[in-house]
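[1] here's a sequence, model it:
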Amino acid sequence: MLKLTSKQREKLLEAIPLIAVYVAFADGSLDRKEVDSAKRIANLRRFSPVKEAEIRKYYNEALESFDDRFYRLVAALPEDNDERTQILESRLEEVNTIIQSVNPFLRHKLIQSFLSFAQHVAKAEGTFLGMGGIGPAQASAMKLKMFTDSESL
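    This is a model prediction of the structure:
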């Protein structure tokens, strides 16, 4: 994977479950469809021929421990939605700090991958009878505003 310290590497591997939980809980509840969609999309990215090799490798590593990281994260979060959101945003900001040290091209690709992943998670539940709509809270969350890509290509 990318050249990072072991602590940075661990935090970066948490990004996929963090994004999944952040977007899924944006509306105040966690839906099984969102969890399943997150795992399915992350799994597909492991094999995508259009993704950079480093990003495929990242998804391979992140998916190896996805379930464990995801469920530990969910279990440790508070019930209060505002407090939960604040914690998740703070942890995602830490991930953003880490990826700022990555070369600009790869950083851009990784952030674009995170944004696409978040959008797929948001679309999983839908708002009207599960028909693919995205509610306002999830629409806002899937933008992942804590990730900055200002110095990229």
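
[2] average pLDDT across stretch 136-148?
    The average pLDDT for stretch 136-148 rounds to 93.

[3] quickly find the element holding the closest residue to Ile99 other than its chain neighbours.
    Of all residues not flanking Ile99 in the chain, Arg107 sits nearest, at 5.3 Å (C-beta to C-beta, 6 or more residues apart in numbering). Any C-beta I mention is one placed from the backbone N, CA and C, and that applies to glycine too. Using DSSP states H and E, Arg107 sits in helix 104-125.

[4] residue nearest the centroid of the chain?
    Ile19 (2.6 Å; C-alpha atoms, centre = their mean).

[5] contact partners for the closest residue in space to it that isn't next to it in sequence?
    In this structure, Ile19 finds its nearest non-sequential neighbour in Ala118, 5.3 Å apart by C-beta to C-beta, 6+ apart. By C-beta atoms under 8 Å, 6 or more residues apart in numbering, the contact set of Ala118 is Ile19, Tyr22, Val23, Ala141, Met142, Lys143, Leu144.

[6] okay if I get those as JSON lines plus secondary structure?
    As requested, these are arranged in JSON lines below (DSSP: H, G, I helix; E, B strand; the rest coil):
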{"residue": "Ile19", "secondary structure": "helix"}
{"residue": "Tyr22", "secondary structure": "helix"}
{"residue": "Val23", "secondary structure": "helix"}
{"residue": "Ala141", "secondary structure": "helix"}
{"residue": "Met142", "secondary structure": "coil"}
{"residue": "Lys143", "secondary structure": "coil"}
{"residue": "Leu144", "secondary structure": "coil"}
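
[7] closest one of the residues you listed to Ile111?
    When the contacts of Ala118 are ranked by distance to Ile111 (C-beta to C-beta), Leu144 comes first, at 7.9 Å.
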